[in-house]
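# Predicted model and sequence follow; I will ask about them next.
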Amino acid sequence: MQTAPIDYTIRHSERARRVRVNVDPLGEVTVTLPSGASRAAAAAAVRELEPWIRRRLERAGRARAALAERAGTVPLLGRPLALVAETGRRQVTRRGEQLLVPAGDPRPALERYMRREARREVARRLDAACERAGLAYSGLSIRAQRTRWASCSARGAMSFNWRLMMAPEPVLDYVVWHEVCHLAVADHSPRFWRLVERYRPTWRDERAWLAEHGATLIL
């Protein structure tokens, strides 16, 4: 059976030096062209990368199905909490297994809540991991990175994606340990992975979970 053609959006960028193809977590395909490049260059890139694009689209389809299945709830450390809208409310408050949210579109308030929770939960885990490993970090920021779950600078400044608060606890713990190990080994050499293995022997399963389900960690 013939497969359907891949739909994609073309955008031009003066900063682009080559053709780039991106598939976002929900399946939007974008081809970025350098200024002056033709539409034919975009079509050629899509043809060349078609197997990769279709794998990403399949993953995005599973992500959309998972998001539809959790309608009316948001996971907090992997645990689904029911959303209860209240007129006049501005901030999100947890009440047992419920999150009380503003009526209308609650996503801005939910993101603020998740950021606050992320700072508290990540800091607690980061402090404990550093104490165990005998290492120290210089600062912590909570951000909304597009392509990373976390990072560790050369000076030990830690940055974590707030969306990790929607992942199961073991996944968050793995990401914390990943970055703590970067305090000792900056690259992803075998030495680095041996260190991760020492402190987080279940890291392979948790990294695989992120690769498969990370696209669902959105509001």
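Received the coordinates, thanks. Numbering: from 1, shown residues only.

# Tell me which other helices or strands the strand ranked longest in the chain touches.
Counting by DSSP state E, the longest strand found in the chain is strand 79-86. Secondary structure elements in contact with strand 79-86, counted by 3 or more C-beta pairs under 8 Å, 6 or more residues apart in numbering; DSSP states H and E, are strand 73-76, strand 98-102. Using the backbone N, CA and C atoms, a C-beta is placed for each residue, glycine as well.

# Quick one: find the helix or strand in the protein with the lowest mean pLDDT.
Scoring the helices and strands of the chain by mean pLDDT, DSSP states H and E places helix 50-69 at the bottom, with a mean of 86.

# what inclination does the longest helix anywhere in the chain have with respect to strand 98-102?
Looking across the chain with DSSP state H, the single longest helix is helix 107-133. In terms of direction (axes from the mean of the first three to the mean of the last three C-alpha atoms, to 10 degrees), helix 107-133 departs from strand 98-102 by 130 degrees.

# Would you mark the buried spots in helix 107-133?
With burial defined by 16 or more other C-beta atoms under 10 Å, the residues of helix 107-133 counted as buried are 109-110, 113-115, 117-119, 121-123, 125-126, 129-130, 133.

# And those, which is closest to Leu76?
Nearest to Leu76 among these is Glu117, at 7.0 Å by C-beta to C-beta.

# average pLDDT across the longest strand of the chain?
Averaging pLDDT along strand 79-86 yields 95.

# Strand partners (parallel or antiparallel) of it?
Sheet pairing for strand 79-86, assigned by DSSP bridges, gives strand 73-76 (antiparallel), strand 98-102 (parallel).

# so how far is Thr93 from Leu49?
Here the criterion is C-beta to C-beta, to the nearest Å. By it, Leu49 lies 45 Å from Thr93.

# who's more crowded, these two?
Set Leu49 next to Thr93 and count neighbours by other C-beta atoms under 10 Å: Leu49 wins out with 17 against 13.

# didn't that one look like it was pressed against Val21?
Yes. Between Leu49 and Val21 there is a contact under C-beta atoms under 8 Å: 5.3 Å.

# okay, and the common contacts of these two?
When C-beta atoms under 8 Å, 6 or more residues apart in numbering defines a contact, no residue borders Leu49 and Val21 alike.

# Domain boundaries for the protein, per the record?
Annotated domains of the chain cover 9-69, 108-216 [automatic domain parsing].

# I'd like these written out as CSV, with distance to Thr3 added.
What follows is these, written out as CSV (distance: least, C-beta to C-beta, whole Å):
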stretch, distance to Thr3
domain 9-69, 8
domain 108-216, 21
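
# Mean neighbour count, those domains: which tops it?
Comparing the domains of the chain by mean neighbour count (mean count of other C-beta atoms under 10 Å), domain 108-216 comes out on top with a mean of 17.

# mean confidence for that one?
Here domain 108-216 scores 95 as its mean pLDDT.

# That domain: end-to-end distance?
17 Å (C-alpha to C-alpha, to the nearest Å).

# chain center to that domain, what's the gap?
Average the C-alpha atoms of domain 108-216, do the same for its chain, and the two points are 11 Å apart (C-alpha atoms, centre = their mean, to the nearest Å).
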